[in-house]
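Student: structure for this input, please:
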Amino acid sequence: MKRGRPRSEEARRAILDTALHLCARDGYRQVTIKSIADGAGVGRQTVYRWWPDKAQVLLDALIDLRERELPKRVWETDDPLRDVRQLLEVTFALTHEITGRALVGLLADAQDDPGLSKRLQDTVIGPRRDALREVLQRGVDNGVWQERVALPLVVDFAFGTMWYRMQHHHAPVDAKLAREITDAIGLMLGRRPDDAH
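Tutor: Predicted structure coming up:
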């Protein structure tokens, strides 16, 4: 007889999904362990069994979402600049739809919490940077462009723009921004924007 997921795994997934949903809807500051537990249909002690506070719940929710969604949406082609644009479009879409308010809230809390800061860098921010850096490096290695600007600085430019807009709300983080950043990266590394399309 085929068995479903264990109840504890179902509860864990419900908690993670609920935390992200509440954060996207109500904002990071409004999310509490109680609201997460109520929304997931579990008791608060069930949440506390796995996480000490809401920051750790949301951080694990972001890690879980990245592991589930990014591999489905991103693939490698023979055009590294197209891959850059796709990676940014996927990242920006998830930021706009689900993860943006959680990321900004966690980043704010991390300013006074070195442990949270390190875990955020190691599990969420760092892997995104690494993924973009790998695509850029592949383009350099394949002779598509030259490293006229240091690749870590190019990565800072791409994600720094995203963070700045997320924090100040003066302009959207969307597919248009992904295309604009991709075109700018092409210029930085010696490729015309027209070649990216």
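
Student: for the protein, name the helix or strand with the lowest mean pLDDT.
Tutor: In the chain, no helix or strand scores lower on mean pLDDT, DSSP states H and E than helix 54-73, which sits at a mean of 84.

Student: any low-confidence regions in this structure?
Tutor: Low-confidence segments of the chain, defined by pLDDT under 70: 1-7, 70-75, 191-197.

Student: swap in 90 and give it another go.
Tutor: Along the chain, the model assigns pLDDT under 90 to residues 1-9, 64-81, 90, 93-99, 127-128, 142-145, 167, 169, 190-197.

Student: helices or strands next to the helix or strand hosting D17 in the packing?
Tutor: Following DSSP states H and E, one finds D17 within helix 7-26. Applying 3 or more CB pairs under 8 Å, 6 or more residues apart in numbering; DSSP states H and E, one finds that helix 7-26 contacts helix 33-40, helix 44-50, helix 54-73, helix 100-110. C-beta here means a position set from N, CA and C on the backbone, and glycine is covered the same way.

Student: ok, back up a step: give the buried residues for the least confident helix or strand of the chain.
Tutor: Buried residues in helix 54-73, defined by neighbour count with 16 or more other CB atoms under 10 Å: 54-63, 65-66, 70.

Student: which among the residues you listed gets closest to A175?
Tutor: For the buried residues of helix 54-73, the minimum distance to A175 (CB to CB) is 16.2 Å, reached by L70.

Student: for stretch 52-59, list the C-alpha coordinates in CSV.
Tutor: Output in CSV follows, covering the C-alpha atoms of stretch 52-59 (Å, rounded to 0.1, in the frame of the first residue of the first chain):
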residue,chain,number,x,y,z
PRO,A,52,13.1,29.1,18.1
ASP,A,53,11.5,32.2,16.5
LYS,A,54,9.8,33.4,13.4
ALA,A,55,13.0,34.6,11.8
GLN,A,56,14.3,31.0,11.7
VAL,A,57,10.9,29.8,10.3
LEU,A,58,11.0,32.3,7.5
LEU,A,59,14.6,31.6,6.8
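
Student: what about it, distance to the chain center?
Tutor: 16 Å (CA atoms, centre = their mean, to the nearest Å).

Student: please report phi then psi for the residue nearest the centre of the chain.
Tutor: A centroid search over the chain (CA atoms, centre = their mean) returns T91, at 5.7 Å, as the residue closest to the centre. Here is the backbone geometry of T91 (degrees, to the nearest 10): phi -60, psi -50.

Student: I'd say it and M162 touch.
Tutor: Yes - counting by CB atoms under 8 Å, T91 sits close enough to M162 to count as a contact (7.5 Å).
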